[in-house]
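> would you be able to build a 3D model of this:
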Amino acid sequence: MDAFYSIVSFFSTGGMFMYPILIVFAFGVAIAIERFVTLTLVTNKNQLVWSKVQPLLDSGEFEEAREMTNEDESTISRVLNMGLSLQGTVRRREDIEIAMEESMMEIVPRLEKRTPYVALASSIATLLGLLGTIMGLIQAFTAVANANPAEKADLLSASISVAMNTTAFGLMVAIPLLVVHAILTSKTGDIVDSLEMATVKALNVFSRRAKRAIEA
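Numbering: from 1, shown residues only. Take a look at the predicted model:
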């Protein structure tokens with residue numbers, strides 16, 4: 001209970017800027033949770049689909065792979081289906097690769113959607129904390145100017161202590177949000193890398209099959 005009262009006291013003595021920082025924190029956390037859950041689901045779904053499609057590609061069962069990816073809504077299915085739809089009808093590897101890259105260009109922005117807002121919330125929390133401290137110091141020096149000379153030192157030290165609470169709270173909000181943003185960015189990068197890996201492997205299979213068909 002002592003810790004709870006300490007937190008309440010810290011927050012209540014921080015001034016009006018504590019509330020905007022708290023709102024920014026809630027905003028950043030909400031986006032971070034939504035993005036983390038979404039990216040985790042995308043990762044798991046892609047791994048499941050790839051584990052089923054890869055054996056079909058390696059064995060040359062392109063029609064079965066085409067049907068599977070056509071019925072699935074995962075990001076990896078969209079990319080692979082674009083290549084599978086052209087496999088057999090387009091001879092040049094570059095044409096299939098361009099089509100799959102176009103599909104990637106549509107998918108990547110969706111994966112990165114709203115993630116920058118987490119970093120933005122971190123920056124805003126820091127700036128609000130600094131602004132709150134500056135406004136608190138202005139009020140403190142204004143109050144000290146009109147105070148009894150014998151009380152000025154104690155009043156100034158107490159006012160500065162209260163003013164610094166907003167900076168401390170702003171940093172306590174900003175640092176975790178910045179770490180979470182790095183984690184989300186890393187997860188997004190891993191998904192993009194996995195899509196590129198699947199694209200290259202699929203293109204290599206298409207090329208080998210096309211080469212064998214020509215030689216035959």
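
> distance between stretch 187-196 and the chain's centre?
Mean-position distance between stretch 187-196 and its chain equals 13 Å (C-alpha atoms, centre = their mean, to the nearest Å).

> just the residues contacting that stretch, thanks.
36, 39-40, 42-43, 46-47, 50, 75-76, 79, 104, 107-108, 111-112, 115 (C-beta atoms under 8 Å, 6 or more residues apart in numbering). The way it works is simple: take the backbone N, C-alpha and C, and place the C-beta from them, glycine included.

> quick one: the helices in the protein?
2-12, 18-58, 62-71, 75-86, 93-112, 115-145, 152-215 (DSSP state H).

> deepest of those, which one?
Counting by mean count of other C-beta atoms under 10 Å, helix 75-86 has the highest mean neighbour count of those, with a mean of 23.

> okay, angle between that one and helix 93-112 too, please.
Relative orientation of helix 75-86 versus helix 93-112 (axes from the mean of the first three to the mean of the last three C-alpha atoms, to 10 degrees): 160 degrees.

> helix 75-86 - contacts with which helices or strands?
helix 18-58, helix 62-71, helix 93-112, helix 152-215 (3 or more C-beta pairs under 8 Å, 6 or more residues apart in numbering; DSSP states H and E).

> enumerate every residue touching the residue nearest to Phe17 when sequence neighbours are not counted.
Of all residues not flanking Phe17 in the chain, Gly132 sits nearest, at 2.9 Å (C-beta to C-beta, 6 or more residues apart in numbering). Contact partners of Gly132, counting by C-beta under 8 Å, 6+ apart, are 14-18, 21, 163, 166-167, 170.

> switch the cut-off to 7 Å
Neighbouring residues of Gly132 by C-beta atoms under 7 Å, 6 or more residues apart in numbering: 15, 17, 166.

> quick one, phi psi at the first one?
Main-chain dihedrals, Gly15, degrees, to the nearest 10: phi 100, psi -180.

> and the pLDDT for it?
With respect to pLDDT, Gly15 has a value of 74.
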